[in-house]
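Trainee: turn this into a structure:
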Amino acid sequence: MPLFGNASWHMWGSTRVITVEHAPPADIDDENQPVQLARIDYKRPETWTFFLYAKILQGVVRPGDVQELTVDFDILAGIGRSLVNTVGGPIQDAFARFSWTIAAGVDPSSRPPKWTTVSRTPPTQDGDATSAFAFHHFPAQSITSFARLRGDDNVAGTYKVEVGAFFAPYTHVRPDWFKAIDKNLNQSRFRSDETGGV
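Mentor: Predicted coordinates for the structure are as follows:
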């Protein structure tokens with residue numbers, strides 16, 4: 001039964017607002033504080049599609065400055081007892097990355113939103129940029145998605161960015177649906193309890 005009366009997929013995505021603040025030379029940014037956007041705990045492995053989104057809501061670039069804003073999306077993806085963490089760093093690629101270069105005199109909130117349903121892997125071979133590959137979906141049973149906002153430490157200002165991440169199975173066929181077709185279906189033959197699908 002869904003918690004609090006909500007369907008399980010209410011946890012499969014959300015939007016949040018992240019704030020990053022810089023006051024050089026005493027940097028007080030919170031770029032390393034990720035916000036959680038999705039939490040999926042399915043009964044069986046699935047192939048998942050994704051939609052990632054970011055929009056600058058507020059910020060001011062002072063005269064003479066250029067602000068570099070970056071949003072990193074990462075996931076913890078698992079099957080069974082195994083878990084993979086895609087968290088990158090300033091150089092290493094994240095699961096997906098959006099960035100803006102904003103010159104002085106430009107209203108950051110006037111920049112159009114960025115979104116994607118495709119991302120690229122990090123290079124699988126050092127020094128070979130052609131060994132990075134595009135992907136549209138990935139396998140997982142459990143998914144935790146989060147985003148981090150980073151700005152230029154040497155540029156003062158406060159910036160707010162709305163971020164969003166949504167996930168859905170690529171092909172959503174659930175074993176319990178067949179019960180409506182075959183009234184004699186023995187659900188116990190699904191030995192791993194995958195008919196729940198939450």
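
Trainee: and the helix or strand where residue 138 lies, what's buried?
Mentor: Following DSSP states H and E, one finds residue 138 within strand 137-150. By neighbour count on 16 or more other Cβ atoms under 10 Å, the buried set for strand 137-150 is 137-138, 140-150. (C-beta placed from N, C-alpha, C; glycine too.)

Trainee: quick one: distance of that strand to the chain centre.
Mentor: 5 Å (Cα atoms, centre = their mean, to the nearest Å).

Trainee: CA atoms only for whichever helix or strand comes after it - export them in CSV, please.
Mentor: Scanning forward in sequence from strand 137-150 by DSSP H and E, the next helix or strand is strand 157-169. This file holds the C-alpha atoms of strand 157-169, laid out as CSV (Å, rounded to 0.1, in the frame of the first residue of the first chain):
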residue,chain,number,x,y,z
GLY,A,157,26.7,36.7,-5.6
THR,A,158,23.7,34.5,-4.7
TYR,A,159,22.1,32.3,-7.3
LYS,A,160,19.0,30.2,-7.2
VAL,A,161,18.4,27.4,-9.7
GLU,A,162,15.4,25.1,-10.0
VAL,A,163,16.4,21.6,-10.8
GLY,A,164,14.3,18.5,-11.6
ALA,A,165,14.7,14.8,-12.3
PHE,A,166,12.0,12.4,-13.4
PHE,A,167,12.4,8.6,-14.0
ALA,A,168,10.1,6.0,-15.6
PRO,A,169,10.5,2.4,-16.8
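
Trainee: just the angle between strand 157-169 and strand 137-150, please?
Mentor: Here the directions of strand 157-169 and strand 137-150 differ by 170 degrees (axes from the mean of the first three to the mean of the last three Cα atoms, to 10 degrees).
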